[in-house]
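Peer 1: Next come a sequence and a model predicted from it.
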Amino acid sequence: MAQTRIAVIVGSLRKDSFNHKLALALAHLAPSDFTFETLRIDDLPLYNQDDDGNQAAQVKRLKSEVAAAQGVLFVTPEYNRSIPGVLKNAIDHASRPYGQSVWAGKPTGVLGISVGAIGTALAQQHLRNILAYLDAPTMGGPEVFLQAKDGLFDDKGHIGNEGTQKFLQGWMDKYVAWVKAHSAA
């Protein structure tokens, strides 16, 4: 059985990131023929268009990993009603130089978790706008705006709440179908 590779980009660098935990928990809900690989973005230099002709090794690595994947999963916190700078930096690097974006045509999923009551709704909307411009087809729904609460994750890193697990399993099933539909096209 051929493996479908999903590049996971977590927009948080925090050691105990809720979004990193969510990304790992989601991978447990995927079918066995899907592999999720969290990509490193903490070592990327700040994007500077002057470097487009001579991209850093870390940038080339990121672009290569995204290009090799059949889909991308963005799991992002919300900072000041938008996406974190480190996530925007990674997106900018992988979209440049102009005409050499690795995002074009990649089926994407967007979700996130936050301590706030509205989850990451505004960050996700901003990210969806960026991905639309980059020609990365993004699954529209169901949308996932999770609030971090005690008991959300169990001691093994799985989703500990049965209702949330069922909801996220439905999201994952739809995301898998989304990626498969775009890979077949």
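Peer 2: Thanks, I have the structure now.

Peer 1: counting contacts, what elements does the helix or strand of the chain with the lowest mean pLDDT pack onto?
Peer 2: When each helix and strand of the chain is scored by mean pLDDT, DSSP states H and E, strand 145-147 comes last, with a mean of 92. Applying 3 or more Cβ pairs under 8 Å, 6 or more residues apart in numbering; DSSP states H and E, one finds that strand 145-147 makes contact with strand 108-114. For every residue, glycine as well, the C-beta is placed using N, CA and C.

Peer 1: so how far is the strand it packs on off the chain centroid?
Peer 2: 6 Å (Cα atoms, centre = their mean, to the nearest Å).

Peer 1: following it, which helix or strand shows up next?
Peer 2: helix 121-133 (DSSP states H and E).

Peer 1: which other residues reach that following helix?
Peer 2: Residues outside helix 121-133 that contact it (Cβ atoms under 8 Å, 6 or more residues apart in numbering) are 11, 74, 76-79, 81-84, 87-88, 91, 103, 108, 110-112, 138, 143, 145.

Peer 1: 7 Å instead?
Peer 2: By Cβ atoms under 7 Å, 6 or more residues apart in numbering, the surrounding residues in contact with helix 121-133 are 74, 76-78, 81-83, 91, 103, 108, 110-112, 138, 145.

Peer 1: quick one: which of those residues is nearest to residue 170?
Peer 2: residue 111 (12.4 Å; Cβ to Cβ).
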